[in-house]
Each structure stands twice: as C-alpha cells, then as structure tokens.
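J.: this is the structure alone, sequence omitted:
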C-alpha cells in the first residue's frame, strides 16, 4: 500500500483556513453542477469532507484563543473569559 492511499488527503492538514475553505467552495460548485462522473464525485466528496473537518478544527482553535479581558470596578484587568460568555 502506498503512502498516498494510506492518507489520500494528508495535505489538507497543512492548509490555511482560507485555502481549505476556497477549495471546499470549488468542490461544492463542481458537485452542484452535476457534470462530474460518479467515481470522480465520490473522490471529490471525500476530499470535501477532509477540507470541512480541517476548517472546523481551525475554527475551534481560533474560538479557543479569542477571549475578552475582564476588568475590576477600578478598571484594572482581572483575567480573561471566553468572548461569548455572558
């Protein structure tokens, strides 16, 4: 078994969010167009799934890093909380 067949979408792990999302959008357009043979559609769909997972992982990482600074009554910083916390 070759390395490519063992991890056919290994290159996806190195893509930036923007590149992964751009490629995912192209895949959606191809599949929606309906002019792709079945075998190719399956391969394209599988790559799209890998790209979707990459984008989701990058978004989770970004959300974990986005925080807001909490302030005491006198305006001094007291720590951080998740940005979406009440």
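T.: Yep, that arrived. What you are looking at is a predicted structure, and each value in this text was computed from that prediction instead of being measured.

J.: make it CA atoms for all contacts and neighbour counts henceforth
T.: OK.

J.: which residue is nearest the middle of the protein?
T.: Centroid-nearest residue in the chain: residue 55, 0.3 Å away (criterion: C-alpha atoms, centre = their mean).

J.: so what's that residue closest to, chain neighbours aside?
T.: Sequence neighbours aside, residue 17 is the residue nearest to residue 55 in space, at 5.6 Å (criterion: C-alpha to C-alpha, 6 or more residues apart in numbering).

J.: just to revisit the earlier point, can you give me how far the strand or helix carrying the residue nearest to the centre of the chain is from the chain middle?
T.: Assigned by DSSP states H and E, residue 55 belongs to helix 38-65. A distance of 6 Å separates the C-alpha centroid of helix 38-65 from that of its chain, computed with C-alpha atoms, centre = their mean, to the nearest Å.

J.: buried residues in it?
T.: By 16 or more other C-alpha atoms under 10 Å, the buried positions in helix 38-65 come out as 41, 44-45, 47-48, 50-52, 54-55, 58.

J.: mind putting these in a markdown table, distance to residue 22 and pLDDT included?
T.: Compiled in a markdown table, the buried residues of helix 38-65 are given as follows (distance: C-alpha to C-alpha, whole Å; pLDDT from 0 to 100):
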| residue | distance to residue 22 | pLDDT |
| --- | --- | --- |
| 41 | 18 | 94 |
| 44 | 14 | 95 |
| 45 | 15 | 95 |
| 47 | 13 | 96 |
| 48 | 11 | 96 |
| 50 | 13 | 97 |
| 51 | 10 | 97 |
| 52 | 11 | 97 |
| 54 | 12 | 97 |
| 55 | 10 | 97 |
| 58 | 14 | 96 |
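
J.: give the contact list for residue 47.
T.: With contact set as C-alpha atoms under 8 Å, 6 or more residues apart in numbering, residue 47 has these partners: residue 9.

J.: contact partners for the residue nearest to residue 55?
T.: Residue 17 sits next to 54-55, 58 when contact means C-alpha under 8 Å, 6+ apart.
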